[in-house]
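K.L.:
I would like to see how this sequence folds:
(3 chains)
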Amino acid sequence: MKLHQRRLLNVSLLVLALLVIVFIQQLNQYTLNNNAFFTGWILLVAVLVLYLFTLRKKITGGKLFLKVSTWMQLHIYVGFFVIALFLFHAGWQMPEGILKQLLYFTFVAETLSGLFGLCITRMLPPCLARNGSVLYQDIKGKQQQIFDDVEQLVEQSLEIKSNTIAAFYQEHLLHFLLKPRDFWPHLFQYKKIIYKFEAEFINLQRYLNEEECEIINKIHVLVVEKNRLDYQYAGQSLLKRWLFLHIPLSYGLLLFAVLHLILVYAYIGGL
Amino acid sequence: MTKVRRPKRWDKPFSKDMSDAIVTRVLSTKALSHLNAGNFSDSLPLSGIIANDTRIVYFKKGEVIVRKGEYGGSAFLTLSGDVAIIKNEVGLEIETKKPTGLFNFFKAAKSTRLLDFPLFTTHNKEEHLTLSPQFQHFIEQYPDNYITLEADSFYGEIAALARGTRTATVFSKTDTEILEIGWQGLRDLMRYDTQIREQVRALYKQHSLLVQLRNTKFLSHLKAEQLQQLNEQSLFENYGKFEWQRSFQKVKNDEDVNSTLKIEPIIAQQGDYVDGLLLISSGFARLSKTINHGEKTIGYLKQGDTFGFDELVHNWRTGEEIDYQHSLRAIGYVDIIRIPTSSIEKYAFAHIDEALLPTLINDHDNLDYDIDTGILEQLVEKRFINGSSTMVIDRHRCTGCDDCVSACASLHDGQARFNRNGAHIDKYAITHACMHCTDPVCLIGCPTGAIHRSGQLGNIIIDDNTCIGCSGCANSCPYENIIMREVFDDSGQALLDEQNGTPLLKASKCDLCIGHGSIPACEQACPHDALKRLDMGNIASFADWFNR
Amino acid sequence: MRWNFFNKQQKWVCGRAEIGKSCRSGSDHQGDCHSEYECQPLQKEDRWYCASPTPCAQGALPDGGCSKKLGFCLPQLSQKAKISRINLWLFIAFISIFLFIIAAKAYSPGELSSNHSFLESECQSCHSSGGLKSINILLQALQPFQHNTENALCVDCHQFGEQAGLAHNLSHSHLQALTEKVTQQPLNSTLLMATLAQSGLDDQSEKNISCISCHHEHQGTQHDLTAINDKNCQSCHQQTFTEFKDHPEFSEYPYADKTQINFNHPEHIAKNFADEAAVQPENCNDCHQPDNKGELMLSKGFDQSCRACHLKQIQGDSQAGSKGIAVFSLMGMDIETLKAKGFVTGSWPEDADSELSVFMRLLLSNDPKAVKALNILEKMDTLDLRKASNIQLQAATDLIWSIKTLLATLQSQGHNALKQSLEKSLANSLSSTKFSALVSLLPPALFNEALKYWFPLLNQELKLYQQNDLIALKQLLNAPVIAEIKHIIPSAITETIEDDLLADDGLLGGDDLDSLMADDDDDLLSLDEEDSFDEPQESSVKLTTSAEEWVKSGGWYQSYDSLYYRPSVHEDPFLKGWLDLSASHADKNFQAIFKTISKPQAPGMCLKCHTLTDDKAIHWTAKRPDKNHQSFTRYAHDRHLAMAGIKNCATCHQFSQTSEKSQSFKSIEKQQCSSCHAEQKASESCTTCHNYHIGELKLKLKQTKLSVFQDKVAK
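P.N.:
The predicted model follows:
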C-alpha cells in the first residue's frame, strides 16, 4: 500500500469512527443517559490505546505484536480521535473545578505537544536530510574535531609570524566553535550567522598573503561544516526533546484522569 | 580487570568425536588416500584439518542429507553406503524464507505443490529430515527421478564454494556413513593439495552446469536427452576474482563514479555477435546500455537469470542477425554457462512450444520495474544489490529517534549491532548493517567458520563461541558492516587479553534477530516507516518500496 | 573504524565519548574509569612492543609502559540514564500535584449554581460520599450504581410528594391515564432516532428518574439548573417533533376546564352591560389583571366587578317569591279531623299551611318517633286527613308532639341544643365559627316570639303531654285559651289576633280561608300579607311594611308559620355555611337542604354563578394562582400583552357563536402560537410552555421549636 493510500484509508476510518460517535451521542440525547459517561469511557479506552503505543515500544522481538509503525499510525489517528472525543466530553468549553481544569490543561498541553511533535517529525527530517545527515551522538565529537583542527591551523598561521588569523580566530571564531550555537536561529532557518562569517572571511582575505589565504580557506570550510553541524544539532535536539514534554505529561494525564474517574463514580453513585 | 586467553582456531572443533583412529581411517579412504601430509603447513597440519574441520555423520535409509534451498557451508564424502540426488524437484522447493508479516501468511498457504502429500517428515529438531513414506514410494516407482552418486566423489561443494543455497536434495539410499567437511576444511585441503583442488573444481563445474540447465525455466520443458546434449556442448566460464572485495575496497571511495565499472570484467559487449545464451550460475552481473560515452545501468542479473535470450529468439524467428542489445559485466565473481547459439537453436527452440518464447524485440528499455536510474546506478555501483536484507532508511521520514538502534540493543545484550550512518543514495541511507549478502565474501577468510550461514534461512551469523576475534571478516566486508567489539564482563568492564592487556574483540554484526520473529527488531521498531530491510535480489519488490 | 555504539545496559559512558574519543574499555557500572593507558605493551625477549591491535607509531616505552597515556576520565551518565532521570523528576512532580489535590480535597468538579452556592463546602448535603475520607471514596466509586438512593438527598429539600422520582411526579397509573397514544406519527428522522435510542432500554415509566438526568450541577454559578433539553422530554414522549409547528393541535385550549365562576361574556356584553351603562366596563383589564407571575389572568372579584348588579340579586330585591329561606317552619295540619277522631294534638296554629322546612326535617332526624312519623306521612297532604288511616293519624299526632318538643328544647336551651342536634346529625363536631355561620346570629327574642305566637301554652301542653294527662290537656286548650293568649301577646296586635282566632281563620284577617286554601300559593300569600301583617317583634309600633321587607338588608324574620333567613351580603355566612356543609354530605336531609338552597332562584342565588367542583365542593372564588401547585402548561399573559405584535386580548380570545361553554370562547388554535414560536424566532422548547414537575410542589420549611428560645431566655 502506498503511503498516500494508507493516509486516505486512515483518515476515512477516523471520520467514520467520529461519525459513529456523533451518531450515538445524538441517539443518547433521546434517552436520559448522560452523554458524558459514554464519551468519557470511550475517551478513556482510546487514551489507553495511546498508552499501549509506549508499551509496545518497550517490547522488542515480540512475534505477536504489530509493527511499531502500525502502532504509530494507530497512535496518531486515535490521537486525533481522542481530540475530538475530548471536545465532545468537555462540551467545547472550559470545565469548572480545579481538578477538571488541571486535567483539561494537561490534556491540552499533551495534545499540543503531540501535534507539535507530529509536525516536526514530518517536517524536519527532510530538511535535515538535505543538509546531509549526521548521527546525533557524533555531532559533539565532530565539532570537537573541527575545533582541534582549527586550533591547529591557527597555530600553523602563528608559525609564519603573523597573528592576523589568530586575532580573527580569537575575536570571531572561538566563541562560535566552542560548542553548538544558534539553536533557535537554526530552527527557524535563519541564515544570518553564516552570511556574517562569509562576509568576514572575504574581508579578511584582503590582508592575507597566499600562504595565509590557504589556511583561512581551510578554516572557512571547517566553519561552514561547524555551522552545518549546528543546524543538525538544533534539528535533531528538537526531534528528541519534544518528547520530554509529551511523555511526562502523559503520566500526569493518566493520574488525573484516573482520579477524575474515581471521583465521578464515588459522587454520582451516592447522589 | 578480567584477563583471559585470546581464543584460537580449533578451540572449538567441528566434532569432538574425531579421535586419532578415526582420522587415520578417514585419511585411508580412497578419495583421500593420495593426500600427502608433507604438503601441509605446520600451523595447519592435515590431521588437524581432518580432526577439527570434519566430522562423521550417520544417516539411515531415507534420511535427507542436504535439502534443496537450504544454506550450507560443508561438502560431503560418502564413506560407506549409497546416496542419491533427486533429479527433478520442480514444485517441490521448500520456502527459502519464512512468510513475513501477518498477511503473508495467506500467501504462503496459497503456494501449490505438485504432489499432494508431504515430501519430508521430521519428528523433532534433533533428528534428520526424512523422506515421507509416500515420497519414498514415489521415488522408488520412478527411478528416473534420482541419480545414485559415485562412491568416492565429493558432493555439496556448490553451496560450500559459491556461498549459496543447496542446489539439489540428496538422500541416503541405504544406511550410510558420511564425512562432512566444513567449508574451512575444504578450503584448506584445496589450498594445499592440487589434486583435490582440481577434482572439486571439476565437480563444481559439472554439477553447476547440470543444476543450472535443469533449473532454467524454459529449458525445463526439454527431455532428458536434449538436456544431455546441451550439457555436453555448454561452456562453463568464470569472471572476476573469487575474493572480489579487495579490488572493490580499493576503488569504492573513489571520486570517479565509473571507477567500479572499470574493474568489472566484461562478459558480453553490446553490439557483439550473439554467440550464445548466457546463464548466470552464481554471482551478479551488471546489465547496461551505452549512452553517449558512458554506460547506463538498467538492471542486474543474478543466479538463474539469462542473457541474450531475447536476441536469440528474435534471430531464430526472423532470421535476422541482431547483436547483443546490452552489455554484461561481472560484479565481483560470476560463474557463467554459455550455450552456443547453434546448440540452443537445435536442441531447445526446435522442441519448445513457440508460445512459451518471448516476442520480438522492439524497444528494450521497457523494464518491468520502475526505479529511479540514479538509485539503481548507485545500488549496483556500490554493490548493495548483493544484500538480501539490506537496511534502507528513508531519511525524509527518519527522525533519528534511535528506536531501531535501541530495539536492536535490547535483543543483543544491550549492544546494537548496526550503525545508523551509511551511504546516502538519493534520500535513502544504506546503513552499516549486515546485508546478509547473496555472495558473502566475509565468509571466505574466517579461519574457524564462526561466521556462517544459518541452515534454512540463510542468515549470515557469527558464532560468538568460535569467533577468535581475528578481524578477518570485518576487513573483508566491503560494506564495513562488521565491527570488532570489546567483550564485557558482568561489571561492565572490557575483558582483556592476558598477554597484552588489550581488550578482547569479537566480530559483531546484524544477525537479523534470528529466533525473534520474522521481521528484524529494527524494522519492527521503526515508528515512522522509515526503515526497511530490503531483498535486493527482488528488484520489483524493493522498487515498490522506493516508490511508495 | 569505530562506531559510537549504543549500549542499552550502560548507565555510565566514557567521559570522552561525547567528543568522540572514548577509550576501548569505557566506564564500569559504577561510573568508574579504569583505562589509564591505551594498551599494555608485550615483552618479547628484551624488547617491549606495542600490543594494541592497531599498533601506534610511538610504540612501547623502553620500561614497558605505553606511550599513549589516556588519563582517567570522568564518566558521564548515558543518554538513556539522563532521560530516565528527567522523566523520574517530572513524574514525581505530577505525583506531588496528584497528592496535593487529594490532600487539599480540591476535587470539586465546578462551582455550584447560585441557587445552591450556600452548599459549596457541604458536599454531604447532596452526596452520600460527601463526608468520606480518601480511601473510602475509592471504595464508594466501586459500589454499584444505586438508582433508589440517588434522589433521596435532593428531595430532602425539594419536595415533590410521594412520587418524586416518577415521571412528572405522577403515579404510573395516572400517567397511563393521561397518555393518550394518539395516532401513529409518520416516521421522521427524529422519531427514528428516538426509537432507535430507546430500543435497547427498558421501559422507564415505572422507574425512578434521577434528578441529575435533567439537572446538571457544578456547571458554574451562572448555570441555569432548570434549562432542559427538549430531547430529554422526547426520551419518553413518543410523539416526537423538533419544531413547534409539529406539536399536536390544541383541543379547547384553554377552555377545556370549566371556569369556577359562571360568566357568559357575550351575554353580559350584549345584554347586561348594555342595560346598565353606568357600570359597564370599558375594557377587559377592568375585570381581568394578570397575577403576580404574570401568567394567570385573574378576574377582579365580586366587590369590584359584580357587586353593582349582583348584590341586589343576593338580597333578593327584585326577586319573585320568598326572599328569605324558611328555616323553622310548621307544616299545615288537619287538626279538625284529628280532634274529631279523638287524637290529642294540643294547640297548632291554624294558619300553618307550609311544608315542614328542610332544616326542621334535619333537626327532627334525631328523634326516632318523628322520623318514623315522617316516613309514614310521606306523600300525604297533612292539611286534609279525612281519609287518613289511624296509623297515619297517630303519626301526624306524634309528629306534632315531636315538633313541639324540638321547638321547646330549642327555646329553652338555645344555640347549644341546636349545635348538639346538628352535630348528632353530622356525626361530627362543629367548630364554633362554622356553627355561628350556620345559625347566623339567630336572636332568642325572635325565636321566643315566634313560639309564643305559634304555641301560646307550649310548656303546659308539653308538661301535660309528658304526664300523659290527656284530659287536662283537652281542658287546657278548651277553656281559657283566649285569656292566655291575651296575656302573652302584646296588646297592640291583640285585636287582630283575637279576630283571627275567633274567625278560626289563621292570620288572614278578612280574607276568605277557602279561597286561600284552594290557591295554595305561598308567594301569593306573602305578597298579599304585606299590608296586613304586623311584625310580632315590634311590640308597640304598627308595622307599615312586611317583616320580610323590614329586613331588606338581610337577617332573620318571622312570617306566619315560619322563621326565615334573608341573605344579607355577598359571601353570606349562613348560606355559605350551609352550602359548604350540605354540598358534599351524603345524608338525604343534608341533600335536601342543599337542593333547596342551591336552586338557581333560591334566595341568595349563590349557585347561579358559583360552580361545583368535581368532588362536590363549591368554587367560592375564581381561579387563583397557587404557588404550591404547578400545572402542565403555563402562559405568560403579561409579556404577551406587552408585545408589539399582539393587539389586544381579542387577538387570541374570540367569541364563539356556537359554543355551549359558559365562556363562549373559541378554542385557541396552535397556529396562533406557532406563527411566532418557530425556528429562528421565539423559543420552541418544550419547557417554554410546559412544566415537568406537576402537582403540589412545596418547600420543606425548617421547624423551630420554642425551646430554642426558652433556653436562651433562661440563660
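
K.L.:
Just read off the phi/psi values of the residue nearest to B:R5 when sequence neighbours are not counted.
P.N.:
Spatial nearest neighbour of B:R5, excluding adjacent residues (CB to CB, 6 or more residues apart in numbering or on different chains): B:E498 at 5.8 Å. (C-beta placed from N, C-alpha, C; glycine too.) Note on B:E498: backbone dihedrals following degrees, to the nearest 10 are phi -70, psi -20.

K.L.:
Can you give the domain ranges for chain C?
P.N.:
Chain C breaks down by automatic domain parsing into domains covering C:107-177+C:187-249+C:682-693, C:323-566.

K.L.:
what's the answer for chain B, then?
P.N.:
Using automatic domain parsing, the domain parsing of chain B gives B:3-215, B:230-367, B:379-546.

K.L.:
winner for burial among those?
P.N.:
domain B:379-546 (a mean of 21; mean count of other CB atoms under 10 Å in any protein chain shown).

K.L.:
returning to what we had before: please convert the domains of chain B to TSV, extending it with mean pLDDT.
P.N.:
Output for the domains of chain B, formatted as TSV (pLDDT from 0 to 100):
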stretch	mean pLDDT
domain B:3-215	77
domain B:230-367	83
domain B:379-546	85
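
K.L.:
right, and the ones you listed - which one's nearest C:W401?
P.N.:
Of all those, it is domain B:3-215 that lies closest to C:W401, at 116.0 Å by CB to CB.

K.L.:
Can you add distance to A:V134 and give the domains of chain B back as a markdown table?
P.N.:
A markdown table is the format used below for those (distance: least, CB to CB, whole Å):
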| stretch | distance to A:V134 |
| --- | --- |
| domain B:3-215 | 32 |
| domain B:230-367 | 18 |
| domain B:379-546 | 8 |
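
K.L.:
re earlier: list the residues that contact the residue nearest to B:R5.
P.N.:
By CB atoms under 8 Å, 6 or more residues apart in numbering or on different chains, the residues touching B:E498 are B:3-6.

K.L.:
try 7 Å
P.N.:
Contacts of B:E498 were listed using CB atoms under 7 Å, 6 or more residues apart in numbering or on different chains, and they are B:3-5.

K.L.:
Run through the stretch 351-500 of chain C and note the low-pLDDT ranges.
P.N.:
Along the stretch 351-500 of chain C, the model assigns pLDDT under 70 to residues C:478-500.

K.L.:
Quick check: residues of it near chain B?
P.N.:
Taking CB under 7 Å from any CB of the partner chain, no part of the stretch 351-500 of chain C reaches chain B.

K.L.:
quick one: strands adjacent to the lengthiest strand in chain B?
P.N.:
Taking DSSP state E as the criterion, chain B has its longest strand at strand B:276-291. Strand pairing for strand B:276-291, determined by DSSP bridges: strand B:294-301 (antiparallel), strand B:306-307 (antiparallel), strand B:327-340 (antiparallel).

K.L.:
Of all these, which one is nearest B:Y204?
P.N.:
Distance to B:Y204, taken as CB to CB, is lowest for strand B:327-340 among the strands paired with strand B:276-291, at 8.6 Å.

K.L.:
Look at the residue in the stretch 251-400 of chain B positioned nearest to chain C and give its secondary structure.
P.N.:
Closest approach of the stretch 251-400 of chain B to chain C (CB to the nearest CB) occurs at B:G400, with a separation of 12.1 Å. Put simply, B:G400 is coil when judged by DSSP: H, G, I helix; E, B strand; the rest coil.
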